[in-house]
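Peer 1: Provide a 3D model corresponding to the input given below.
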Amino acid sequence: MEKIIKKEYAPGGKKRQEILDKAVRFILDPHYGTQNSKHAFLIQKVGLTDTEYLEALNKATNVSWKGEK
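Peer 2: Numbering: from 1, shown residues only. Below is the predicted model:
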């Protein structure tokens, strides 16, 4: 059964930024596997666009990112 993203988390939604911030934390966490598997999950299951994924990856590699909790 395929899950559908709620409208507020979809591109253009009010809470989309939450998904993007969580994507950065997901990329940084080594417990979630290889970078390849993280990329596949975020694109195919979470619904990030290629641009959003690359921005999250850039933030994850940028030392000055302040969104980590």
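Peer 1: Nearest residue to the most centrally placed residue in the chain in space, please, no chain neighbours.
Peer 2: With distances taken as Cα atoms, centre = their mean, the chain has Ala23 as the residue nearest its mean C-alpha position (2.4 Å). Counting by Cβ to Cβ, 6 or more residues apart in numbering, the nearest residue to Ala23 once its immediate chain neighbours are dropped is Ala56, at 4.2 Å. C-beta coordinates here come from the backbone N, C-alpha and C atoms, glycine included.
Peer 1: For that neighbour, give me its contacts.
Peer 2: With contact taken as Cβ atoms under 8 Å, 6 or more residues apart in numbering, Ala56 is in contact with Leu20, Ala23, Val24, Ile27, Leu42, Leu48.
Peer 1: Can you tell me which of those residues is nearest Ile5?
Peer 2: Sorting those by how near they are to Ile5, with Cβ to Cβ, puts Leu48 at the top with 10.2 Å.
Peer 1: Number of residues surrounding Gln25?
Peer 2: In this structure residue 25 is Arg, not Gln. For Arg25, the number of neighbouring residues by other Cβ atoms under 10 Å comes to 16.
Peer 1: whoops, I mixed them up, Gly47
Peer 2: Gly47 is surrounded by 14 other residues when neighbours are defined as other Cβ under 10 Å.
Peer 1: and whichever strand or helix holds His39, how far out from the chain's middle?
Peer 2: Following DSSP states H and E, the helix or strand that holds His39 is helix 35-40. What separates the centre of helix 35-40 from the centre of its chain is 11 Å, taken as Cα atoms, centre = their mean, to the nearest Å.
Peer 1: just checking, what packs against that helix?
Peer 2: Using 3 or more Cβ pairs under 8 Å, 6 or more residues apart in numbering; DSSP states H and E as the contact definition, the elements that helix 35-40 packs against are helix 16-28.
Peer 1: buried residues in the helix it packs on?
Peer 2: Judged by neighbour count using 16 or more other Cβ atoms under 10 Å, the buried positions of helix 16-28 are Arg16, Ile19, Leu20, Asp21, Lys22, Ala23, Val24, Arg25, Phe26, Ile27.
Peer 1: Having no further points to raise, I will conclude here.
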